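S.K.: output the structure for:
(one chain, ligands or ions: 1)
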Amino acid sequence: MADFKIWMNGRLVPQEQAVLPVNSAAVFYATNVFEGLRAYWNERDGEMYGFRLADHLTRLRESMKMMRFTVPYSDDDLFEAVRTVLSGNEVREDVHMHLVAYVAAPGLDATTPTGLYINPRKRPRVMEGNGLKCCVSSWTRTSDNAIPIRLKSGSNYQNGRLATLQARADGYDQPIFLNRHGQVAEGSGATFFMVRKGRIVTPTTSSDILESITRTTLIEYVCPEVLGMDVVERSIDRTELYVAEEAFFCGSGYEVTPILSIDRFPLGKGEVGPVTKRISSAYLDLVRGVDRKHPEWRTPTYKKVTL
Ligand code: PMP
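M.R.: Predicted coordinates:
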């Protein structure tokens, strides 16, 4: 199948027509804010479900506010745009989408004019069956009063790029960032969870992390209601990583991706742990609508609904 068409400023256009001016702040300084989300095909319902679309749009608004730029679209417009890009491409398989609001004018301080595009693409699971070999990065997660990670701007991801390439050069799959306080923050593009002394633990939202929607989903529903285990939100020290029983990354893109070792210390038996396995399958059932709870989190593409 050819590449999906991109929704750009109100129109569905082929990939090669979705272009930005080279002198725009978007191209030169990566002045954009974006969301990454997945939509899942449910064969039984004959429906594509965008997962927690309303929450992604809220976070996009928050990022735009912090960056002092606006787009001429309401959340309802964007909701319709997502439906249009999926139904217009006749998507009937799992896809990942980027919603990107960008500044098309030149200049470091440019705030307008701004535009928006939505780019659906195939994106396989990060890991099938197995898990990641991680290291603690020697790069520090950027701090909230420098380059805030709460704000989902493309430019922030250079921090993750440095750490990821370093990790790979050193023979690992992915880095884990510590923050300015020397405590665990997150992965380059995913939230960190561990199981320690039988409890599920994740860093607080004041740890220089993105306020992850998957994190919230695990804390609000999957862990307490499916597994019967509450999540503890607290600071995590580096050495705790080495003696954790299990660990995983989560995110819209990463879904639930197991971590098998950190700095070459195997976690537990060095294989995917039982809690991680249960969380992963419960999460995938929820997002696809096999688990029918929280229907408000699954936005249908083909059936007419309002946000
Ligand atoms: N942290 C970072 C830096 C990310 O880019 C992502 C992916 N958006 C996450 C965490 C996970 O966030 P979410 O669950 O909202 O996708």
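
S.K.: surely residue 280 meets residue 258?
M.R.: Yes: look at residue 280 against residue 258 with Cβ atoms under 8 Å: they come within range, at 7.4 Å. Placement of C-beta: from N, CA and C, glycine included.

S.K.: where does pLDDT dip in the stretch 1-150 of the chain?
M.R.: 1-2, 127-129 (pLDDT under 70).

S.K.: which parts of it sit against the ligand?
M.R.: Counting by Cβ under 6 Å from any ligand atom, the residues of the stretch 1-150 of the chain close to the ligand are 36, 149.

S.K.: point me to the residue of the stretch 1-150 of the chain nearest the ligand.
M.R.: residue 36 (4.9 Å; Cβ to the nearest ligand atom).

S.K.: pretty sure that residue is in a strand, no?
M.R.: Yes: assessed with DSSP: H, G, I helix; E, B strand; the rest coil, residue 36 lies in a strand.

S.K.: could you list the domains of this protein?
M.R.: In terms of domains, the chain is parsed into 6-123, 132-288 (source: automatic domain parsing).

S.K.: and these as JSON lines, adding distance to residue 303 and mean neighbour count?
M.R.: Below are those laid out as JSON lines (distance: least, Cβ to Cβ, whole Å; neighbours: other Cβ atoms under 10 Å):
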{"stretch": "domain 6-123", "distance to residue 303": "6", "mean neighbour count": "18"}
{"stretch": "domain 132-288", "distance to residue 303": "16", "mean neighbour count": "19"}
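
S.K.: now these as CSV including distance to residue 296?
M.R.: What follows is the domains of the chain, written out as CSV (distance: least, Cβ to Cβ, whole Å):
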stretch, distance to residue 296
domain 6-123, 8
domain 132-288, 12
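
S.K.: what does the stretch 201-307 of the chain put close to the ligand?
M.R.: 210, 212, 213, 214, 215, 251, 252, 253.

S.K.: do I have it right that residue 213 meets residue 58?
M.R.: No: contact criterion Cβ under 8 Å: residue 213 and residue 58 do not qualify, at 9.4 Å.

S.K.: tell me where the stretch 1-150 of the chain has strands.
M.R.: 6-8, 11-13, 32-42, 47-51, 95-103, 114-121, 132-140 (DSSP state E, counting those that start in this stretch).

S.K.: same list, those, but as CSV with distance to residue 243 please.
M.R.: Output for those, formatted as CSV (distance: least, Cβ to Cβ, whole Å):
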stretch, distance to residue 243
strand 6-8, 46
strand 11-13, 51
strand 32-42, 32
strand 47-51, 33
strand 95-103, 34
strand 114-121, 39
strand 132-140, 14
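
S.K.: list phi and psi for the closest residue to residue 135 other than its chain neighbours.
M.R.: Nearest residue to residue 135 in three dimensions, chain neighbours excluded: residue 172, at 4.3 Å (Cβ to Cβ, 6 or more residues apart in numbering). Residue 172 adopts backbone torsions of phi -110, psi 170, taken as degrees, to the nearest 10.

S.K.: cool, and residue 230?
M.R.: According to degrees, to the nearest 10, residue 230 has phi -70, psi 150.

S.K.: just the pLDDT for it.
M.R.: pLDDT for residue 230: 98.

S.K.: do the same with residue 269
M.R.: For residue 269, the predicted pLDDT is 95.

S.K.: tell me how far it lies from residue 67.
M.R.: 45 Å (Cβ to Cβ, to the nearest Å).

S.K.: for residue 5, same thing?
M.R.: On the measure of Cβ to Cβ, residue 5 and residue 67 end up 27 Å apart.

S.K.: and for residue 61?
M.R.: Taken as Cβ to Cβ, the span from residue 61 to residue 67 is 11 Å.

S.K.: hey, where'd the helices end up in this protein?
M.R.: Applying DSSP state H to the chain gives helices spanning 25-28, 53-67, 75-88, 157-169, 213-217, 238-242, 274-288.

S.K.: give the contact list for residue 143.
M.R.: Residues in contact with residue 143, defined by Cβ atoms under 8 Å, 6 or more residues apart in numbering, are 179, 180, 208.

S.K.: leaving out chain neighbours, which residue sits closest to residue 199?
M.R.: Closest to residue 199 by Cβ to Cβ, 6+ apart is residue 232, at 5.5 Å.

S.K.: I figured the one you found hits residue 201, correct?
M.R.: Yes: here residue 232 lies in contact with residue 201, judged by Cβ under 8 Å, at a distance of 4.7 Å.
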